[in-house]
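Novice: Quick one, fold the following:
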Amino acid sequence: MPIDREQIPALIQAAQTKILDNWKKDYFEKVAKALQVHTKGQLFNKVDTLFPNEHPDSKAHCIATYEPITKASIWKGINNLQRIFAHSSFSYQVGDQLADWLADYEYNGMNLLNYFLQEWIAKAVSEDPNGLFVIYPPDWAAERGMCPVQWVRSDLIKSVTRDAVAFISEHDSEVEYTYESTVVSRKVFEDPSVNALNAITCTEVSYNQRLKVKVVKEVVHLFTRDGFLIYTPAAKKNEFEATIVDFADPLTYIPAFPGGGNIADKADIPLFESFVQPFVPFGNLALIQHRNHRAVDLQFSYPRMSELQMPCDHKGCAGGKVKCQKTNTYPDGFMPCPKCRGNGYTTVQSPYKVYNPRYDPNDQNENKHLNVDPVKFYSPDVGIINYSKDAWKDYLKQAETSIFVLQKVYTATNPESAESKDKDLEDMYAWLLNPSKVFYNNLRFLLQALEDYISRSPSTVSVERPFSFAILTEGEAFLAMDRILQSTAPVFIKGNQVDNFVSKFVSKDSPVIRALAVLKQFDPLLFYSATDVQTFKGANVISADMYKTHVLAYPVMLKLYQQDREFFNQEDSAIIEQLTKEIATYVVPTAADGLRTAVMTAIQQEEGGAAA
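Specialist: Got it, this is the predicted structure:
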């Protein structure tokens, strides 16, 4: 259904009058800037403004040596989120026409779903959660050389209502991009010449360099369910020229949705914070504390030197002045002494830093100055440095913890760290539920818009978000599984632990799940502890072959997988056959423990090499 031509003036008028409130724009800007201090390394303004009584030289030093020390930490969390979502299996159902289009479409070397994930992470999570994603008709976008999925900065949004969304198109508008390198400010001072306050405009080099987007001539895109308008606002009211793009049929939804995040508050529209916004307060404190350390470092890290000064012995020098002819420059007939430069004193060093105390036979003080060291060094107390150099690290660690940058690793020799990481994994799983809900809901909106555009008979799109996430890497997952299987927990508890582990922390298409499924068939003693199996063996409850299978099944399976990464792509029967043949080549018990240790060590080394 085309847009009703008679309603076009009303649509544009509504977009021009029902604009976003200024307080909403201020909120969007505040959230984005607070986030970008850390994600883009922009200067934290409190580094400059929080210490008004500080010596100007100390403040200048702190600003000149400012470095975005939190940037790497917050991106650990953001990149981890992208890795988890990229490797977590999910399913969706769309019409055949859209399925074929998605299979063929590629943009910037990625399929559309991967591109959308990358854009959602880069824009909504790390930059501006209140911005919009807009979905254009694929054919129309292809003609203009653009991806149908476009991001709109929150400061370019003009109007959001139930019936329409209007925004300034960065693609179509005349836009100037500059990288801010100077900052203009006004400083108020007491001006004695007028006996009152005065102000001066100053232009200074900015250490807070950022991309500035200036719209010179705006072109507005206004979307409805029936189509969208492209127009340029005119100087005179109700004067405009609009290009109309009609949709073949009304869409299920207006093809625009916010990037989203945690809902901080709600007015007529939700107000979002990024999912990594909890990093910000601790990150800010880390920056302030590190800035304080820079000031302390300047004050206390370097020894102070004192030098003995002697009255200037230049002929005619009196208090640093010598007589000269009266000129415009020296109207009183005195000029600074060329030796002491007006100071009246000189140091006892030569130009080559050789100290030459002078003996004066006529000195009335008996040359007592010769008993004083001509130069002396003083070392400040370093106690405050030892405190300040580590204090900011505690805040940074809290910031990383707030977005679940996991620091602990599984090791066989440190069960406490393994138990602690289990707790971290549970907390991270709970945290991931909300980002996954928003992302996969956004993905459903995206696919529904494309379904309505492409399919002749659009169907309702469904996206089944995962209930397990690829929180652990493949190597970490195998090591964690080995730790669970070797624990002394009772069989029924261990079985629940394994099921809980794979249902939350491992992607559905992970080889760990295939390995577990095969082991359940191949090793009837899989969930029994080593002590239980030894008891069974001593009581002749199990055969030697069953014991050998239990001891070697898991490490041999991992060894075969390391040798052939396609190992788990076979049928279960083929995998079991290979396991049986390989296990037959080992002698038990002499090789068993050594093999398990060797395989697990190899997995850890492989993971470490990949990370490096």
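Novice: which ones are touching Asn442?
Specialist: Applying C-beta atoms under 8 Å, 6 or more residues apart in numbering to Asn442 gives the contacts 116, 120, 133, 257, 259-260. C-beta here means a position set from N, CA and C on the backbone, and glycine is covered the same way.
Novice: and stretch 585-603, average pLDDT?
Specialist: Across stretch 585-603, pLDDT averages out at 59.
Novice: same check, this time on stretch 136-151
Specialist: So the average pLDDT for stretch 136-151 ends up being 94.
Novice: can you pull the buried residues of it?
Specialist: Buried residues in stretch 136-151, defined by neighbour count with 16 or more other C-beta atoms under 10 Å: 136-138, 141, 147-151.
Novice: can you tell me the distance between the two ends of it?
Specialist: Its first and final residues considered, stretch 136-151 spans 11 Å by C-alpha to C-alpha, to the nearest Å.
Novice: Need the contact partners of that stretch.
Specialist: Contact with stretch 136-151 is made by 101, 105, 107-108, 112, 115-116, 119, 123, 131-135, 171, 245, 247, 255, 259, 446, 450, 453-454, as judged by C-beta under 8 Å, 6+ apart.
Novice: And the buried ones among those, selectable in ChimeraX?
Specialist: A single ChimeraX command is used to select the members of these judged buried by 16+ other C-beta under 10 Å:
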select :101,105,112,115,116,119,123,131,132,133,134,135,247,255,259,446,450,453,454
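Novice: and the contacts of stretch 136-151, which of them are in helices?
Specialist: Counting by DSSP state H, the part of the contacts of stretch 136-151 found in helices is 101, 112, 115-116, 119, 446, 450, 453-454.
Novice: Among these, which pair sits farthest apart?
Specialist: Glu119 and Ile454 (20.1 Å; C-beta to C-beta).
Novice: and the closest residue to Val47 other than its chain neighbours, what helix or strand is that in?
Specialist: Excluding its sequence neighbours, the residue lying closest to Val47 (C-beta to C-beta, 6 or more residues apart in numbering) is Arg291, at 4.8 Å. Element membership of Arg291, judged by DSSP states H and E, is helix 279-300.
Novice: swap in Lys187?
Specialist: Using DSSP H and E, Lys187 sits in strand 182-191.
Novice: now the following helix or strand past that strand, how far from the centre of its chain.
Specialist: The helix or strand immediately downstream of strand 182-191 is strand 196-205, counting by DSSP H and E. Put simply, strand 196-205 sits 37 Å off its chain's centre (C-alpha atoms, centre = their mean, to the nearest Å).
Novice: What pairs with strand 196-205, parallel or antiparallel?
Specialist: strand 182-191 (antiparallel) (DSSP bridges).
Novice: Looking at the partner strand now, give me its mean pLDDT.
Specialist: In this model, strand 182-191 carries a mean pLDDT of 69.
Novice: for stretch 11-26, same thing?
Specialist: Rounded mean pLDDT across stretch 11-26 is 86.
Novice: Now it - C-alpha only, PDB.
Specialist: Coordinates of each C-alpha in stretch 11-26 appear next as PDB, following Å, rounded to 0.1, in the frame of the first residue of the first chain:
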ATOM      1  CA  LEU A  11       3.800  13.500   8.300                       C
ATOM      2  CA  ILE A  12       6.500  16.000   7.600                       C
ATOM      3  CA  GLN A  13       4.900  18.600   9.900                       C
ATOM      4  CA  ALA A  14       4.700  16.000  12.700                       C
ATOM      5  CA  ALA A  15       8.400  15.100  12.200                       C
ATOM      6  CA  GLN A  16       9.300  18.800  12.400                       C
ATOM      7  CA  THR A  17       7.200  19.600  15.500                       C
ATOM      8  CA  LYS A  18       7.200  16.400  17.500                       C
ATOM      9  CA  ILE A  19      11.000  16.400  17.800                       C
ATOM     10  CA  LEU A  20      12.900  14.700  20.600                       C
ATOM     11  CA  ASP A  21      12.900  16.700  23.800                       C
ATOM     12  CA  ASN A  22      16.200  18.500  24.600                       C
ATOM     13  CA  TRP A  23      16.600  16.600  27.900                       C
ATOM     14  CA  LYS A  24      16.500  13.300  26.000                       C
ATOM     15  CA  LYS A  25      19.200  14.500  23.600                       C
ATOM     16  CA  ASP A  26      21.300  15.600  26.600                       C
END
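Novice: Can you give me the buried ones in it?
Specialist: Buried-residue list, stretch 11-26, by 16+ other C-beta under 10 Å: 11-12, 14-16, 20, 24.
Novice: Stretch 330-345 too?
Specialist: For stretch 330-345, a neighbour-count test (16+ other C-beta under 10 Å) marks 334-337, 340, 342, 344 as buried.
Novice: Output the below-cut-off pLDDT ranges for the stretch 501-612 of the chain.
Specialist: 587-612 (pLDDT under 70).
Novice: Tell me the pLDDT of Asp452.
Specialist: With respect to pLDDT, Asp452 scores 94.
Novice: how many other residues sit next to it?
Specialist: Neighbour count for Asp452, taken as other C-beta atoms under 10 Å: 24.
Novice: Just to check, it is in contact with Thr252?
Specialist: Yes: using C-beta atoms under 8 Å, Asp452 is in contact with Thr252, at 5.8 Å.
Novice: Three-state assignment for the residue lying farthest from the centre of the chain, please.
Specialist: Largest separation from the mean C-alpha position in the chain: Asn362, at 73.3 Å (C-alpha atoms, centre = their mean). At Asn362 the chain is in coil, as set by DSSP: H, G, I helix; E, B strand; the rest coil.
Novice: In three-state terms, label Leu271 for me.
Specialist: Applying three-state DSSP: Leu271 is strand.
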